[in-house]
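> can you look at this prediction? I've put the sequence above it.
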Amino acid sequence: MNDNKKRCAWCLGFDDYVKYHDEEWGVPVHDDRKHFEFLILEGAQAGLSWSTILKKRVGYRESFADFDPEKVAQFTPQIVEELLLFPGIIRNRLKVQSAVTNAQQFLKVQEEFGSFDKYIWQFVDNKPIVNQWKDYKTAPPTTKESDALSKDLKKRGFKFVGSTVIYAHMQACGLVNDHVVDCFRYGEV
């Protein structure tokens, strides 16, 4: 990007990263399907780079019923086996199976709270935490809020929801604004 806008340094690797940073990262999400999408993608990302996941996002959308938790919750062992052959996703059995498990648990949370959105936003008192980082490297990998959310998700039977994964989810879905203060998106989100 040659538009002279100041951005968080982590996103400057390739155009899809910049687009994701400029249009999605840190924007408060209140749509359950979008929350579910990020739960699948963040779980798949565990141990890998986010750029790897962004490059496979279309494959995930195609493979996981456009991130419809009701459909994913019904995936059979045969569908899981078919997914493990598809090169458009991370073909890790535990991660693919966790997406099905997480869809089932996601639906239970929706039933209990009325929406996953109501459930997740309570962990930040229903408003984004706005940090003031000068350098993205000073942002922590976890916080007390991500620790609490991770612990509760695990108690509910979710998989691949460690505190680091959940903090990344919170950043992506705008529960936390971790854009650096001189990034043009800091004040926008």
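All right, it came through fine. Residues are numbered from 1 along each chain as shown.

> isn't residue 38 right next to residue 169, touching?
Yes - assessed by CB atoms under 8 Å, residue 38 is found in contact with residue 169 at 5.4 Å. Every C-beta, even on glycine, is put in place using the N, C-alpha and C of the backbone.

> more crowded one of the two?
The neighbour comparison of residue 38 against residue 169 (other CB atoms under 10 Å) goes to residue 169, with 25 against 20.

> so which elements touch the host helix or strand of that one?
Using DSSP states H and E, the element containing residue 169 is helix 163-172. Applying 3 or more CB pairs under 8 Å, 6 or more residues apart in numbering; DSSP states H and E, one finds that helix 163-172 contacts helix 32-45, helix 144-155.

> deepest in the core, which of those is it.
Mean neighbours per residue, mean count of other CB atoms under 10 Å, is largest over the helices and strands packed on helix 163-172 for helix 32-45, with a mean of 23.

> between it and helix 144-155, how big is the angle?
Relative orientation of helix 32-45 versus helix 144-155 (axes from the mean of the first three to the mean of the last three CA atoms, to 10 degrees): 90 degrees.

> ok now helix 32-45, how far from the chain's centre?
Relative to its chain's centre, helix 32-45 lies at 4 Å (CA atoms, centre = their mean, to the nearest Å).

> and if you look at stretch 35-52?
For stretch 35-52, the distance to the chain centre is 6 Å (CA atoms, centre = their mean).

> residue numbering should commence at 173 henceforth.
Right, with 173 as the first residue, what we last looked at is stretch 207-224.

> export it as PDB, just CAs?
Taking Å, rounded to 0.1, in the frame of the first residue of the first chain, the C-alpha atoms of stretch 207-224 are listed here in PDB:
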ATOM      1  CA  HIS A 207     -18.000 -14.400  15.900                       C
ATOM      2  CA  PHE A 208     -18.300 -18.000  14.900                       C
ATOM      3  CA  GLU A 209     -16.100 -17.400  11.800                       C
ATOM      4  CA  PHE A 210     -13.400 -15.900  13.900                       C
ATOM      5  CA  LEU A 211     -13.600 -18.700  16.500                       C
ATOM      6  CA  ILE A 212     -13.000 -21.200  13.700                       C
ATOM      7  CA  LEU A 213     -10.200 -19.200  12.100                       C
ATOM      8  CA  GLU A 214      -8.500 -18.300  15.400                       C
ATOM      9  CA  GLY A 215      -8.600 -22.000  16.400                       C
ATOM     10  CA  ALA A 216      -7.100 -23.000  13.100                       C
ATOM     11  CA  GLN A 217      -4.400 -20.400  13.500                       C
ATOM     12  CA  ALA A 218      -3.100 -21.800  16.800                       C
ATOM     13  CA  GLY A 219       0.600 -22.400  16.300                       C
ATOM     14  CA  LEU A 220       0.500 -20.900  12.800                       C
ATOM     15  CA  SER A 221       0.700 -17.400  11.300                       C
ATOM     16  CA  TRP A 222      -2.500 -15.300  10.800                       C
ATOM     17  CA  SER A 223      -1.300 -14.700   7.200                       C
ATOM     18  CA  THR A 224      -1.600 -18.500   6.600                       C
END
